[in-house]
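Colleague: coords please:
(chains A, B, C and D)
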Protein chains: 4
Amino acid sequence: MEVGFLGLGIMGKAMSMNLLKNGFKVTVWNRTLSKCNELVEFGASIGETPAQVVKKCRLTIAMLSDPAAALSVVFDKDGVLEQIDSGKGYIDMSTVDPETSSKISQAITSKGGAFLEAPVSGSKQPAETGQLVILAAGDKGLYEESIPAFDVLGKKSFFLGQVGNGAKMKLVVNMIMGSMMNAFSEGLVLSERSGLNPHDLLDILDLGGIANPMFRGKGPAMLKSNHSPAFPLKHQQKDMRLALALGDENAVSMPVAAAANESFKKARSMGLGDLDFSAVHEILKMTKD
Amino acid sequence: MEVGFLGLGIMGKAMSMNLLKNGFKVTVWNRTLSKCNELVEFGASIGETPAQVVKKCRLTIAMLSDPAAALSVVFDKDGVLEQIDSGKGYIDMSTVDPETSSKISQAITSKGGAFLEAPVSGSKQPAETGQLVILAAGDKGLYEESIPAFDVLGKKSFFLGQVGNGAKMKLVVNMIMGSMMNAFSEGLVLSERSGLNPHDLLDILDLGGIANPMFRGKGPAMLKSNHSPAFPLKHQQKDMRLALALGDENAVSMPVAAAANESFKKARSMGLGDLDFSAVHEILKMTKD
Amino acid sequence: MEVGFLGLGIMGKAMSMNLLKNGFKVTVWNRTLSKCNELVEFGASIGETPAQVVKKCRLTIAMLSDPAAALSVVFDKDGVLEQIDSGKGYIDMSTVDPETSSKISQAITSKGGAFLEAPVSGSKQPAETGQLVILAAGDKGLYEESIPAFDVLGKKSFFLGQVGNGAKMKLVVNMIMGSMMNAFSEGLVLSERSGLNPHDLLDILDLGGIANPMFRGKGPAMLKSNHSPAFPLKHQQKDMRLALALGDENAVSMPVAAAANESFKKARSMGLGDLDFSAVHEILKMTKD
Amino acid sequence: MEVGFLGLGIMGKAMSMNLLKNGFKVTVWNRTLSKCNELVEFGASIGETPAQVVKKCRLTIAMLSDPAAALSVVFDKDGVLEQIDSGKGYIDMSTVDPETSSKISQAITSKGGAFLEAPVSGSKQPAETGQLVILAAGDKGLYEESIPAFDVLGKKSFFLGQVGNGAKMKLVVNMIMGSMMNAFSEGLVLSERSGLNPHDLLDILDLGGIANPMFRGKGPAMLKSNHSPAFPLKHQQKDMRLALALGDENAVSMPVAAAANESFKKARSMGLGDLDFSAVHEILKMTKD
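Modeller: Numbers count the residues shown, from 1 in each chain, chains lettered A, B, ... in the order given. Presented below is the predicted three-dimensional model:
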């Protein structure tokens, strides 16, 4: 099976490498073309522009850093739109807001192309090990055609209905995650200030009904004020904001998420936006001492 | 090893049975003595009063329903205090507030007895399978002497320092759990109202970094508005209140826990206090329709 | 002094009437032209279209119901843009979001016209009695030229700087007001449920340091569950949302406003959006009984 | 009319002076007796102990700094209890929690005395000018007998029913006040960070429907970070906590008060507890810069 792949950042590189290693023929493109070299060593071809990749491949996957980049590869000169047509499919796995996704979808489908948004849950390591969770929405036929690739990239893929639902589902998951991080941080601070050993708390949590990989993975580092960014706080806060906006549209009251969002905003105002979202812990434990 | 056991409710019965099955000699007492019969069939002896149990046993464990009961077996006529002395240890595994625990501790130690508070994390099923997590605090020597019994009753025990720390640790854990339940419920409601399938959300959560037994275990029932009580909402809310009070004492600001507590209070005001604490979901999804 | 006036709803009619009664020559327009008749009786002229009004008058004031209407009178056929030029000023007193205001401003100024946004604080009665508070921003010269009209329409006008600042200031005021309404409602419910007489509370509040016209004016009606809409809850909630969004842009954490907003959203979800924003009281006092 | 007066702090001194100036015969006592001298110059007699004051006077008023002091003058040696009897009334105007008030009430009435709790709204200046608001509860007959004194001390007195209701009413008022202070501070911060002039905001607020003495009185000082304590933040936070606890007892959900309380707690943790409660503003405006 032949696929195009646009975007070779941390995620995109790992993902296209997985495709190569599993027997896919892959044509790659990246804004800085030199980043393609490593993949060429493993058998990838290079497309000079997004348009060339689409021209060559029946299916093209994109994994870009933000909505601006996702729009740019589609709409700019030599972009996807110039070559997409009724025989081709375009799968955007970037994490973008529903509005961006919807713009891209309309442009692709108005040219006859099939479109699938497919944001993922999981970051660098799951990308490398093919353990992403894929939240696909849009063209059902394209989803089914993409399953062999999704099986390589992820441990599980979901088809969630109309375009926008992938982005929405990701917001819901991240909102829960953000509230949990606050709940966890509050508990760590409370334990410490009450004369308990927060390392005991970590051990006890990990043996009980709310044990989860995030507490296990981030807890010890948080106690050392180590917040090296796996998922930057400012992005987490943006997702909280977008999830709350989605709730506003649908008149859903979410007081815990709203409170969590305000703590993340406080963290941003204290200059912690580029650290991991666990840095909200610093805000919660702040005292005069 | 011989132990006394006071209180044969759901938890106490399962725990004393485990002790019996693992070769302990157990003398049991319960306010309604007939509840002892089943345990007698498995080899237990009966004590007519708490005092008689303590007289007979070097170590006595109590597992009672609430602070009032925990105080009563110690301080009432024919209570623990009448027989406790410097050769004996008393281990209260009930979940009580720090103040109650402290009263009992002072009374026991003023008679020369050794005291350990040892509330547990886990409910009926872990009690039956010996998979509780035991949060012990108080007399370190008594803790060490109790390890054989704790090894039977639980999968892990912790010694947390001075009396009160067991109760406090439990409050911290339950506070995090209560906030998480709210975060989870808000996410379920948001998914449903945004046109997503909340069952997909459950599946996706269970594949990611915040997957945990509580979401997995309670999620499907919550979507059917089934909240049969494993841990009643009014008890969860009481623990949130006590945790927030502990935070107040120590000037710890916990906005997410505070917001979660208010939603639990709303649930209480709507008559849901006797359902499982997952019933906060009903408050969050309430609309005019 | 001659002015044009676009929009004769409740507010616009009262305002243009005040101008007439104070010796201004006024040319009015309204989408439903028949609404102009009453003003004609008091000496107003009629303009057939917004463009005709602007053609005739050096200064034109608009008071429209929402952003869509505010955009429509400017940009549609026969709209303000067709006649605005460097000798004319356009003063939009409608309550619109900063983005709408900015669009109108750019269009007017690109044609050489002067633009002032001037949303007001106060509703029907202050409009009738010329007691509005006017929050002007944009062209300083136009502001100064408009002072004679503002002196008739309001008890005080402010010049707040660049376009957008009028809308922003109004959001800040309404945010404080919305949080206060929640604080007040929570207090009323607490008094009632604690066995106090909430009418005593109203009297006591009115004698103290937080006495204010809103508590005095709305309190007695709220206790009778009378929420006839002076400012509909859905509009108040929208302003909370926009104020929180403004805070998000500037990394301002506002946990009380966020909590208030969630209660307003709950009220919307319970079908109370068209009632007065005091109807959030119904949500807070809701019990199973 | 002859009255006893216990406690000559800032409030008590101003109040007993007012009684003297209005023709009451007053016997005063203070822990540091030298504080009585100034009042003696204006005609007061001195009682050597609380008991002596009560022995001499049919009615005794107390105005003490905190619950500990309020309990001490009643229960300690030479305290009120030693001389109270069925012909005498005791009026405690200190601000205490309902539990303290209830203890004092039971002690007084068990000796046959009549008891009235009568906390006040208003601080130093209203005490000096006789403009307090008096929240009385307990013995109705004693209330009626005290009206001449209350008319001198306050601009208005209320009889609120059973003992405890005065304290509860004061908590409700202070809770609303605390939430309002947060709403106000959030608005000030939002205005400043959004490029508005917060002094304009103060002026605009003061012209509208939520204008109130607290905003007017404290706003300008807050903008200069001047928080000299009229009502210390730690006391305001304590009242928020007690009001929330009252709500908890009665299953009243109060999300805005809960959020405000967490911000006050944060302020305490940052060492601002002894400043005026307006110092919560410092927390809200805190940034890295």
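Colleague: and residue A:208, how far from residue B:135?
Modeller: Residue A:208 sits 11 Å away from residue B:135, taking Cβ to Cβ, to the nearest Å as the criterion. C-beta coordinates here come from the backbone N, C-alpha and C atoms, glycine included.
Colleague: oh, that last question was meant for residue A:196, not what I typed.
Modeller: The value you get for residue A:196 to residue B:135, if Cβ to Cβ is used, is 10 Å.
Colleague: the more surrounded of these two?
Modeller: Remark: of residue A:196 and residue B:135, residue B:135 carries more neighbours, 28 against 24, as counted by other Cβ atoms under 10 Å in any protein chain shown.
Colleague: residues near residue A:262, how many?
Modeller: By the criterion of other Cβ under 10 Å, residue A:262 has 31 neighbours.
Colleague: again with the one 4 residues further on
Modeller: For residue A:266, the tally of surrounding residues (other Cβ under 10 Å) stands at 27.
Colleague: that one - nearest residue in space that isn't next to it in sequence?
Modeller: Leaving aside its sequence neighbours, residue A:266 sits nearest to residue C:253 (Cβ to Cβ, 6 or more residues apart in numbering or on different chains; 3.8 Å).
Colleague: so for residue A:196 and residue B:135, which residues contact both of them?
Modeller: The contact sets of residue A:196 and residue B:135 overlap at B:160, B:165, B:169 (Cβ atoms under 8 Å, 6 or more residues apart in numbering or on different chains).
Colleague: so which of the residues you listed are in strands?
Modeller: If you go by DSSP state E, the shared contacts of residue A:196 and residue B:135 have nothing in strands.
Colleague: mind checking the SS state of residue A:5?
Modeller: The local conformation at residue A:5, judged by DSSP: H, G, I helix; E, B strand; the rest coil, is strand.
Colleague: common neighbours of residue A:208 and residue B:135, please.
Modeller: residue B:121.
Colleague: and the angle from the longest helix along chain A to helix B:165-193?
Modeller: With secondary structure taken from DSSP state H, chain A has its longest helix at helix A:165-193. On the basis of axes from the mean of the first three to the mean of the last three Cα atoms, to 10 degrees, helix A:165-193 is oriented at 170 degrees to helix B:165-193.
Colleague: are helix A:165-193 and chain B in contact anywhere?
Modeller: Yes - judged by Cβ under 8 Å from any Cβ of the partner chain, helix A:165-193 comes into contact with chain B through A:165, A:168-169, A:172-173, A:175-177, A:179-180, A:182-184, A:186-187, A:189-191, A:193.
Colleague: quick one on the thing from earlier: got a quick ChimeraX command for the buried subset of the shared contacts of residue A:196 and residue B:135?
Modeller: Typed into ChimeraX, the line below selects the buried ones among the shared contacts of residue A:196 and residue B:135, using 16 or more other Cβ atoms under 10 Å in any protein chain shown:
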select /B:160,165,169
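Colleague: how about the residue located most distally from the centre of chain A, phi and psi?
Modeller: Largest separation from the mean C-alpha position in chain A: residue A:195, at 38.2 Å (Cα atoms, centre = their mean). Here is the backbone geometry of residue A:195 (degrees, to the nearest 10): phi 90, psi 10.
Colleague: which ones are touching the nearest residue to it once chain neighbours are set aside?
Modeller: Closest residue in space to residue A:195, ignoring its immediate chain neighbours: residue B:165 at 6.9 Å, by Cβ to Cβ, 6+ apart. The contact partners of residue B:165, by Cβ under 8 Å, 6+ apart, come to A:195, A:196, B:135, B:137.
Colleague: ok, the last one touching residue B:170?
Modeller: No - with contact defined as Cβ atoms under 8 Å, residue B:137 and residue B:170 do not form a contacting pair (10.3 Å).
Colleague: looking at the two, which one has more neighbours?
Modeller: residue B:137 (27 against 24).
Colleague: show me what contacts the more buried one?
Modeller: Taking Cβ under 8 Å, 6+ apart, one finds B:116-118, B:159-167, B:169 in contact with residue B:137.
Colleague: how far is the longest helix of chain A from where the chain is centred?
Modeller: The chain centroid and the centroid of helix A:165-193 are separated by 16 Å under Cα atoms, centre = their mean, to the nearest Å.
Colleague: buried residues in it, which are they?
Modeller: Buried-residue list, helix A:165-193, by 16+ other Cβ under 10 Å: A:165-193.
Colleague: confirm residue A:26 sits in a strand?
Modeller: Yes - Residue A:26: assigned to a strand according to three-state DSSP.
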